[in-house]
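Student: Here you go, sequence then predicted model.
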Amino acid sequence: MTHAPDPVEGTPLITPSSTDHPLHEQAVEACRSVYDPEIPVNIYDLGLVYTIEISQENDINIIMTLTAPGCPVAGEMPGWVQEAVAGVPGVRDVTVDLVWSPPWGMEMMSDEARLELGFM
């Protein structure tokens, strides 16, 4: 029986975002325009967007998850995110990858989301 090698100590579970890229804040705001239909908070503040990676050519790769694998909009939400971010001026191409690891948890929500949902 083989198993996956242990992750290298210090390797982040989530790839860092391109926070220094000029389009990063606009991509974040575009993600904030997408809401989980079952929760009145945008997907960015819910902590569903793990990574916004932007190339020098302004191609954006978004790595995201959902609150649960059985989420009724699992097949649709990545398309909503792709469409929202593709509308940012200067963006060339957008891909959205849906991942389940690490699993989403309530600790990933922003303080604003926790407050909105009555957890603070």
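Tutor: Now that the structure is in, tell me what you want to look at. Numbering: from 1, shown residues only.
Student: Show residues contacting the top helix by length along the chain.
Tutor: The helix that spans the most residues within the chain, counting by DSSP state H, is helix 77-86. Identification of contacts with helix 77-86 by CB atoms under 8 Å, 6 or more residues apart in numbering yields 27, 30-31, 33-34, 36, 43, 49, 60, 62, 64, 66, 71, 91, 93-98. Just so you know, the C-beta spots here come from the backbone N, C-alpha and C atoms, and that holds for glycine as well.
Student: residue nearest the centroid of the chain?
Tutor: Val49 (1.3 Å; CA atoms, centre = their mean).
Student: wait, what's in contact with that residue?
Tutor: 28, 31, 43, 62-64, 81.
Student: Relative to Ala113, which of these is nearest.
Tutor: The closest of those to Ala113 turns out to be Ile43 (CB to CB; 9.9 Å).
Student: Leaving out sequence neighbours, find the closest residue to that closest one.
Tutor: Nearest residue to Ile43, sequence neighbours excluded (CB to CB, 6 or more residues apart in numbering): Val34, at 5.0 Å.
Student: circling back to that earlier point, now the longest helix of the chain: buried residues?
Tutor: Residues of helix 77-86 classed as buried by neighbour count (16 or more other CB atoms under 10 Å): 77-78, 80-82, 84-85.
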